[in-house]
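Colleague: The sequence and its predicted three-dimensional model are supplied below.
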Amino acid sequence: MDLKYGTNITLNINEEIQFENKLSISLISFSHKRPFVGGSTKATAHITLTKNKIPEENSLSIHGTEGKAHIKYDSLLWNDYKIQLKAFNYNESIEILINKRK
């Protein structure tokens, strides 16, 4: 797979993707916070980022309010990269956008 920075990438659960500069990302699990009625919601995708054979666990979440359409997606600054969560399909996949920071 020819992965390019600056394009949306779908990452499936238990899948690892790798860029030619040895950055790799794995989606390892999902979790969620149960809201109170009308309260805030949060679902999280747990990922492993690896660069130069050094892995680091991290997460990207989607935030909202129960019963409301407004949703906020997390971004993550990690090493020389900005990783933005674009879509969230609980227990299946996430869509992310990765850019190299200058």
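Modeller: Nice, I can see it. Everything numeric in this text was worked out from a predicted model, so none of it was measured.

Colleague: Can you tell me which residue sits nearest the middle of the protein?
Modeller: Leu60 (4.4 Å; C-alpha atoms, centre = their mean).

Colleague: need the contact list for the residue in the chain sticking out farthest from the centre.
Modeller: Largest separation from the mean C-alpha position in the chain: Val37, at 26.6 Å (C-alpha atoms, centre = their mean). Contacts here follow C-beta atoms under 8 Å, 6 or more residues apart in numbering; on that basis Val37 touches Glu66. C-beta: built from backbone N, CA, C; applies to glycine.

Colleague: secondary structure class for it?
Modeller: Of the three states, Val37 takes coil under DSSP: H, G, I helix; E, B strand; the rest coil.

Colleague: centre of the chain versus stretch 42-60, how much separation?
Modeller: 8 Å (C-alpha atoms, centre = their mean, to the nearest Å).

Colleague: Can you name the residues bridging to Ile83?
Modeller: When assigned by DSSP bridges, Ile83 has beta-bridge partners Leu76, Ile98.

Colleague: Could you double-check that it lies in contact with Leu60?
Modeller: Yes. Assessed by C-beta atoms under 8 Å, Ile83 is found in contact with Leu60 at 7.0 Å.
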